[in-house]
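J.: the following comprises the amino acid sequence and a computationally predicted model.
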Amino acid sequence: MTVSISFLCYPPDLSGQSVVFSEDFSGFTTCTHSSPSPYDQSGSLDSKTSEPGWTGSKVYSAGGEIKLGTADVPGWIETPSIDLTGYEGIPRLRFDISRWPDDATTVQVSLNGSPLGDSFAPTDEFQTIDLPLTDAGSTGKIKFESLSKRFYLDNVQVIEQNITYITNFYQHQMKIRMYPNPACDIIYFENLGGYNRLEISDMNGRIITSAGLEGKDELEFPLTGISPGIYLVRFISDTWCYSSRLIKYHQAIR
């Protein structure tokens, strides 16, 4: 049995989440996901967003979400300046994203002009991305930009996790067992009592799969459909969250 070596994903002991900023694009009511509006709304964003100050180009209404870009011209949208002061934890950016079906879309997310990691390629289905806003400073504008083709965006949130104390964090951390690692087809988790959710994400923050853990102390988790690579496994409770690195191989390592 191998005890996983974990590292912080959120601050170690959390008193709860504070939503610093939120936009669900519910003001973009016209048309649908499969048939977005043909009219660029970038000149009237303040009339449709919950907070004024958004800017953008090639922004289209898609029935409660937005489409960025066209087949020929990339699009972008940037938040108003977000106040990130007065919190003790590291703020995190979460958003839902997908591409126009079968487009070779690439997207870059940046904070105050600095990229948040590498550009990435969304899939046809909406996925939730979770990124830490390290070195955010006191205020920040977050930009979502297509480097090629079209994509959909929804449910943008900046969430702050407030630190209270770190008492017994490492004792708590070492209770979870995760094996084998590297893994091939199945990974096993033990001593999960107290955690209510497990998430596996890629290194760009895209959540690949998840599972509820309520009432479970052990879990046999299949890795079918997950491509070989390096991933983060997050263990989440009401007061704790940390992550372990998972390596997925084509075949078992001997």
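T.: Now that the structure is in, tell me what you want to look at.

J.: residue 44 falls within a helix, correct?
T.: Yes - counting by DSSP: H, G, I helix; E, B strand; the rest coil, residue 44 is part of a helix.

J.: what about it, distance to residue 54?
T.: Applying Cβ to Cβ, to the nearest Å, the value for residue 44 to residue 54 is 10 Å. Placement of C-beta: from N, CA and C, glycine included.

J.: residue 213 now?
T.: According to Cβ to Cβ, residue 213 stands 37 Å off from residue 54.

J.: show me where the stretch 151-254 of the chain has strands.
T.: 151-163, 177-179, 186-190, 197-201, 207-212, 218-222, 229-236, 241-248 (DSSP state E, counting those that start in this stretch).

J.: hey, least reliable of those by pLDDT?
T.: Comparing mean pLDDT over the strands of the stretch 151-254 of the chain, the weakest stretch is strand 241-248, at a mean of 78.

J.: ok so, going back, JSON lines for the strands of the stretch 151-254 of the chain, including mean neighbour count?
T.: Formatted as JSON lines, the strands of the stretch 151-254 of the chain follow (neighbours: other Cβ atoms under 10 Å):
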{"stretch": "strand 151-163", "mean neighbour count": "20"}
{"stretch": "strand 177-179", "mean neighbour count": "18"}
{"stretch": "strand 186-190", "mean neighbour count": "18"}
{"stretch": "strand 197-201", "mean neighbour count": "19"}
{"stretch": "strand 207-212", "mean neighbour count": "14"}
{"stretch": "strand 218-222", "mean neighbour count": "13"}
{"stretch": "strand 229-236", "mean neighbour count": "19"}
{"stretch": "strand 241-248", "mean neighbour count": "19"}
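
J.: okay, these in a markdown table with distance to residue 50 next?
T.: Below are the strands of the stretch 151-254 of the chain laid out as a markdown table (distance: least, Cβ to Cβ, whole Å):
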| stretch | distance to residue 50 |
| --- | --- |
| strand 151-163 | 10 |
| strand 177-179 | 40 |
| strand 186-190 | 39 |
| strand 197-201 | 27 |
| strand 207-212 | 24 |
| strand 218-222 | 37 |
| strand 229-236 | 27 |
| strand 241-248 | 27 |
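
J.: for the stretch 51-200 of the chain, which spans come out with low pLDDT?
T.: 86-89, 135-137, 161-174 (pLDDT under 70).

J.: show me the helices in it, by range?
T.: Counting by DSSP state H, counting those that start in this stretch, the stretch 51-200 of the chain has helices at residues 169-173.

J.: out of residue 44 and residue 54, which sits in the busier spot?
T.: Neighbour count, other Cβ atoms under 10 Å: between residue 44 and residue 54, residue 54 has more, with 19 against 11.
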